[in-house]
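1. next input, structure requested:
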Amino acid sequence: MRVVSLVPSWTEFLHDLDVNVVGQTKFCVRPQTAFRTLPRVGGTKTIKLDTVLGLEPDLVVANREENDREQIEALMAAMPSERVVVTDVRTVEHALDEMRRLGEAVDRTALADNMIQRAKDAWGEPKPLVGRAGYAVWSSPWMVAGPDTFIHSVMAHWGIDNAMGHSDPEARYPTLAETPDMGVGLGDCWLLPSEPFPFKGKHLRGFEENHADKRFKLVDGEAFSWYGSRMLHVTAHLNEVRQWVARREEA
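-> This next block holds a predicted model:
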């Protein structure tokens, strides 16, 4: 089966299932060997339709949030729609369910089930609440993760109350302001992920200098926003972030 993946986390998952992935996006960075060698079909929201179709895939894997709706609809109009699998992952439970669904779609059910069980064992039961933090997804404007998002669900599973998790569920990624100032009252701890905006040390230092009343931490964006097999590799980091939030609450 020839598969094109339009979702970075699913791309890694499909490779780990030993699926014949024949094309992927420029953001599908894992595994590195495939990133360097496989044909690229554009970005997650800038899919090159002709390139995808030229690869003659038996299956295309997409995601409701990651990919542009109009582009996916155009793809489904250009090839049998049943050969385009559109996933929707908004909770940890959804991630596990979609892993099983994709495993069945590519005839790797047993391997997928094994990975699902390993992920369940690694993540365990939801952890007790230890504190509150906001999760930035972009800088200038200051955008954050709200409710009804996979990030929100991951935070909750690891005992971190999302500072914007009780806002309007329709505003899944609300824009607060040009700076973290609007975070006052929502939480004094802010998590700064490596993606989609690549927060780095210079941003951390700048925020710390200009907002002495808050605490900031650089985190691995993949740990909070990637599903599939990446879930097996991030538990140590998520636990470390959980402990950091707990210490900030105690301070």
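2. how does this structure divide up, domain by domain?
-> For the chain, the structural domains run 2-122, 131-250, going by automatic domain parsing.
3. now do the same end-to-end measure for the last one.
-> So the one you mean is domain 131-250. One end of domain 131-250 sits 9 Å from the other (CA to CA, to the nearest Å).
4. check stretch 85-95 too.
-> 14 Å.
5. swap in stretch 145-154?
-> Chord length of stretch 145-154, first to last residue, is 11 Å (CA to CA).
6. just how off-centre is it within its chain?
-> 10 Å (CA atoms, centre = their mean, to the nearest Å).
7. swap in stretch 100-116?
-> On CA atoms, centre = their mean, the centre of stretch 100-116 falls 20 Å from that of its chain.
8. what residues does it touch?
-> Applying CB atoms under 8 Å, 6 or more residues apart in numbering, the external contacts of stretch 100-116 come out as 1, 3, 10, 13-14, 16-19, 59, 61, 85, 87, 96, 99, 228-229, 232. Any C-beta I mention is one placed from the backbone N, CA and C, and that applies to glycine too.
9. for it, measure first residue to last.
-> End-to-end distance of stretch 100-116 (CA to CA): 8 Å.
10. picking up where we left off before, in helices, which of the contacts of stretch 100-116 fall?
-> W10, F13, L14, D16, L96, M99 (DSSP state H).
11. skipping adjacent residues, who's closest to the fourth one in space?
-> Nearest in space to D16, with sequence neighbours left out and distances taken as CB to CB, 6 or more residues apart in numbering, is S229 at 4.4 Å.
12. same thing with the second one?
-> Nearest residue to F13, sequence neighbours excluded (CB to CB, 6+ apart): G228, at 3.2 Å.
13. which residues touch that neighbour?
-> Contacts of G228 by CB under 8 Å, 6+ apart are S9, W10, E12, F13, D16, A95, M99, M115.
14. now the domains of the chain in TSV, with mean pLDDT?
-> Putting the domains of the chain into TSV (pLDDT from 0 to 100) gives the following:
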stretch	mean pLDDT
domain 2-122	98
domain 131-250	90
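15. next, count neighbours for Q243.
-> 13 (other CB atoms under 10 Å).
16. you'd agree A163 is up against A133?
-> Yes. Using CB atoms under 8 Å, A163 is in contact with A133, at 6.2 Å.
17. what about the two, which has more around it?
-> Neighbour totals were compared for A163 and A133, and A133 leads with 28 against 23 (other CB under 10 Å).
18. quick one: what helix or strand has the more buried one in it?
-> strand 131-138 (DSSP states H and E).
19. what segments of the stretch 51-200 of the chain are strands?
-> 59-63, 84-87, 131-138, 142-144, 160-162, 175-177, 189-193 (DSSP state E, counting those that start in this stretch).
20. does anything pack onto the longest one? Which helices or strands?
-> What that stands for is strand 131-138. strand 142-144, helix 150-157, strand 160-162, strand 189-193, helix 235-250 (3 or more CB pairs under 8 Å, 6 or more residues apart in numbering; DSSP states H and E).
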